[in-house]
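> just a sequence and a predicted model for now, questions to come.
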Amino acid sequence: MISRCQQTRYNIGFLTKAQVTELHVSIKAAQKRWGISYKDAAHRLYLQKMAQVQAEMAEVERLKAMMARCRRLINETIRQHSGQASST
């Protein structure tokens, strides 16, 4: 568990120490790979992650829309068949 002092220092109370270490390693690797500052490497990785999250959110919205269309189609089909069954 991260102490209150560490939470304040890093402003990352929602991450575990292992997650912070993993982020740090990723940032240092990006810094070395791209030859940029730690701050710029962290910002680039943040922007990459945000793009990934936005793409995933867009996919979720597309799936929700597809599910709504499927439900509507199923309900219309059920209504049509139940109407035909009562008229015969």
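All right, it came through fine. Residues are numbered from 1 along each chain as shown.

> quick one: average pLDDT of the helix or strand hosting residue 28?
Assigned by DSSP states H and E, residue 28 belongs to helix 17-34. Average pLDDT, helix 17-34: 94.

> what helices or strands is it leaning on?
helix 38-87 (3 or more CB pairs under 8 Å, 6 or more residues apart in numbering; DSSP states H and E). The C-beta positions use only the backbone N, C-alpha and C, and glycine is treated the same way.

> my read is that residue 31 contacts residue 39, right?
No: under the criterion of CB atoms under 8 Å, residue 31 makes no contact with residue 39, lying 9.2 Å away.

> neighbour count for those two, which is higher?
Between residue 31 and residue 39, residue 31 has the larger neighbour count (other CB atoms under 10 Å), namely 18 against 10.

> what's the weakest-modelled helix or strand in this structure?
Between all helices and strands in the chain, the lowest mean by mean pLDDT, DSSP states H and E belongs to helix 4-10, at a mean of 52.

> next, residue 36: secondary structure please.
coil (DSSP: H, G, I helix; E, B strand; the rest coil).

> tell me the contacts of it?
Residue 36 makes contacts with 30, 44, as judged by CB atoms under 8 Å, 6 or more residues apart in numbering.

> where's it relative to residue 50, distance?
Counting by CB to CB, to the nearest Å, the gap from residue 36 to residue 50 is 18 Å.
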